[in-house]
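A.B. asks: Provided below are the primary sequence and the corresponding predicted coordinates.
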Amino acid sequence: MASERSLDGSVVAVIGVTGGLGSAIASALTARGATVYGVNRSGPPTTAGPGASVDLTVDVRDAGAGDEIVRGALETHGRLDGVIVA
């Protein structure tokens, strides 16, 4: 059985954070100590589940979306340790 590693201090962008899978992933990450930088395609900033919110609204199909996600996470949290597309 795999051990559950602490994610304390980690910042992870979750793309699709308000969907069912994205919300569940965000909840699991925050339960292990990570900070979630929530990204969604539409809608205003909102709560996306326990410990997560939509920090950025961007359509990832746009050419500059990746840069915008990284820049936003770095400006908000000073780091970005991972990205999950849900």
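C.D. replies: Right, received. Where do you want to start?

A.B. asks: if you go through the chain in chain order, where are the helices?
C.D. replies: For the chain, the helices defined by DSSP state H cover 20-31, 65-77.

A.B. asks: Single out the most deeply packed of those.
C.D. replies: helix 20-31 (a mean of 18; mean count of other C-beta atoms under 10 Å). C-beta: built from backbone N, CA, C; applies to glycine.

A.B. asks: Which among the helices of the chain is found nearest to Val54?
C.D. replies: helix 20-31 (10.0 Å; C-beta to C-beta).

A.B. asks: counting contacts, what elements does that closest one pack onto?
C.D. replies: In terms of contacts (3 or more C-beta pairs under 8 Å, 6 or more residues apart in numbering; DSSP states H and E), helix 20-31 is packed against strand 11-15, strand 35-40, strand 47-49, strand 52-57.

A.B. asks: ok, Asp59 - contacts?
C.D. replies: 41-42, 65 (C-beta atoms under 8 Å, 6 or more residues apart in numbering).

A.B. asks: From Gly20, how far out is it?
C.D. replies: From Asp59 over to Gly20 the distance is 20 Å, taken as C-beta to C-beta, to the nearest Å.

A.B. asks: Surely Ala65 and Val58 touch.
C.D. replies: Yes - counting by C-beta atoms under 8 Å, Val58 is a contact partner of Ala65 at 4.9 Å.
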